[in-house]
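**Q** please find the sequence and the predicted model below.
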Amino acid sequence: MPDELIVLYTKEAPNTPLSAGRTAYYDHALDTYSTHYPCVVDVLLFNSQGELLLQKRARTKRFNPGKLHTTVGGHINVGEHHDFTMVHECMEELGAPLLLFPKETFPDAYSKLHAYATRAAFGYFVDERFRDFRTDSKFAQTAIKDRSYFYLGLYDGPFGSPDRDSAGYEWMSLETFGDQMKNHPDQFTNGIALFVDVYKKEIEEFVALYCNKK
């Protein structure tokens, strides 16, 4: 089976995409590709009660096996826009479509479509950044580095059978999530810890505006 071609960037040339086989990249992430960052997408989906849907990574995963992570995530393949990758990954992993809207028009989309959140997820793009866990003093140092595209969304529906990269899903209140992160941080990936830390304001704003609504 041919190696999946993923998109890479360097900080020095953030607008010039490069490519590499996924396995080849991770086999040489710290030597041949030491200055290259693979592109990934991640979304945090909340239900109307403000609970966060977390995915548990399969025990067979190369990094962070068995740990709780974002709702859906994945690598951007060559030739794909990050929005397309996010929609594709959501269909593949969650088993439901993710409809994306610009953040500025999301309130109108929510007002007209939130009744259908049991059938589709609704979300918007938040931000992108280079992340390097090798040098981040706030989180445990690992060999992981990437260029991350982050999304937030609403979903009240079911989720399909986990694929081979997932061990299942669970809903968790933000209060419980905070307690578990504090008392059992080893149960979570560094990635989700960083998302919640960096985008704390955006997450709180999203939950206040679109969750716990009658």
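**A** Here it is on my side, so go on. For clarity, every value in this text was computed on a predicted model and none was experimentally measured.
**Q** mind giving me the packing neighbours of the longest strand along the chain?
**A** Longest strand in the chain by number of residues (criterion: DSSP state E): strand 121-132. For strand 121-132, the packing partners by 3 or more C-beta pairs under 8 Å, 6 or more residues apart in numbering; DSSP states H and E come out as strand 37-46, helix 82-93, strand 98-100, helix 106-113, strand 145-154, helix 190-198. Any C-beta I mention is one placed from the backbone N, CA and C, and that applies to glycine too.
**Q** how about JSON lines for these, with distance to Tyr169 added?
**A** Shown next, in JSON lines, are these (distance: least, C-beta to C-beta, whole Å):
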{"stretch": "strand 37-46", "distance to Tyr169": "10"}
{"stretch": "helix 82-93", "distance to Tyr169": "9"}
{"stretch": "strand 98-100", "distance to Tyr169": "15"}
{"stretch": "helix 106-113", "distance to Tyr169": "22"}
{"stretch": "strand 145-154", "distance to Tyr169": "14"}
{"stretch": "helix 190-198", "distance to Tyr169": "13"}
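**Q** Leu54: which of these is closest?
**A** Among the helices and strands packed on strand 121-132, the nearest to Leu54 by C-beta to C-beta is helix 190-198 (7.5 Å).
**Q** helices or strands up against the closest one?
**A** Using 3+ C-beta pairs under 8 Å, 6+ apart, the elements in contact with helix 190-198 are strand 37-46, strand 68-69, strand 121-132, helix 174-183.
**Q** so what pLDDT did Arg62 get?
**A** Arg62 carries a pLDDT score of 64 in this model.
**Q** how about Tyr25?
**A** In this model, Tyr25 carries a pLDDT of 92.
**Q** excluding covalently adjacent residues, which one is nearest to Tyr151?
**A** What sits nearest to Tyr151 in space, not counting adjacent residues and going by C-beta to C-beta, 6 or more residues apart in numbering, is Val43, at 4.0 Å.
**Q** can you count the residues close to that neighbour?
**A** 28 (other C-beta atoms under 10 Å).
**Q** repeat for Gly50
**A** A total of 16 residues lie near Gly50 under the criterion other C-beta under 10 Å.
**Q** contacting residues around the residue nearest to it when sequence neighbours are not counted?
**A** For Gly50, ignoring the flanking residues on the chain, the nearest one in space by C-beta to C-beta, 6+ apart is Cys211 at 3.8 Å. Residues counted as contacts of Cys211 (C-beta atoms under 8 Å, 6 or more residues apart in numbering) are Phe46, Asn47, Ser48, Gln49, Gly50, Leu154.
**Q** great, nothing more from me.
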